[in-house]
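K.L.:
below: sequence and its predicted model.
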Amino acid sequence: MREEAAARVRAYRYVGPPELRALARTGRTIRSAADFAAWAAGRDAEEFAEPFTYVVDAEGVLRLAPRRSEHVACAGGGAVLGAGEMSFRTENGRWAVDEVTNQSTGYCPDPARSWPAVAEALDRAGTPRPPGFTYEVIFRRCVACAQVNVVRDAHFACVFCEEDLPQEWNVDV
């Protein structure tokens, strides 16, 4: 099963504004349940009231940063296996993932191919999680005008030039 998931995972390079790549690294590395516990203990209730920015870096390590952080800064400028937003709740005295998305306009990860890396990173962090993204964002690059689009309601049409968008992920190909 792990080999099948690895075959579906891909690395995503940053496709957002170049000036954001220069931002300082903000992501806290979470390699284990102990790392997650130490990170969570350092947050206050106000911080947990909104989702956090996350990436799974190219080595498969989860990194967390405050919500208004740029994904590319959280990733230290590098490629990622997954990126989005994540919120947490307490469940029987331990932290669990409440919601997790692939919402990152800087990396535009494909939900089906990025979820296995996100799930594995959360499992290593000892954090209970849902069986998949709680909200999936579909990204496509228009072949006519080259703009990145968010597909809504399965309407694969470019919001900039109205051309049809590809059915398959194509943001960074």
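P.N.:
Thanks, I have it.
K.L.:
so what touches stretch 44-57?
P.N.:
When contacts are defined by Cβ atoms under 8 Å, 6 or more residues apart in numbering, stretch 44-57 is touched by residues 26-27, 62-71, 74-76, 78-88, 99-101, 104, 107, 114, 117-118, 121. The C-beta positions use only the backbone N, C-alpha and C, and glycine is treated the same way.
K.L.:
and for stretch 19-39?
P.N.:
In this structure, residues lying in contact with stretch 19-39 by Cβ under 8 Å, 6+ apart are 14, 53-55, 57, 61-66, 69-70, 72-77, 95, 106, 121, 124-127.
K.L.:
please spell out the ChimeraX selection for the buried subset of those.
P.N.:
A single ChimeraX command is used to select the members of those judged buried by 16 or more other Cβ atoms under 10 Å:
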select :14,53,54,55,57,61,62,63,64,65,69,70,72,73,74,75,76,95,106,121,124,125,127
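K.L.:
the contacts of stretch 19-39 in strands, which ones?
P.N.:
T53, Y54, V55, D57, L62, R63, L64, A65, W95 (DSSP state E).
K.L.:
save those as TSV, and put in pLDDT and distance to E47 too.
P.N.:
Putting these into TSV (pLDDT from 0 to 100; distance: Cβ to Cβ, whole Å) gives the following:
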residue	pLDDT	distance to E47
T53	96	12
Y54	98	14
V55	97	18
D57	96	22
L62	97	17
R63	97	16
L64	97	10
A65	94	11
W95	91	13
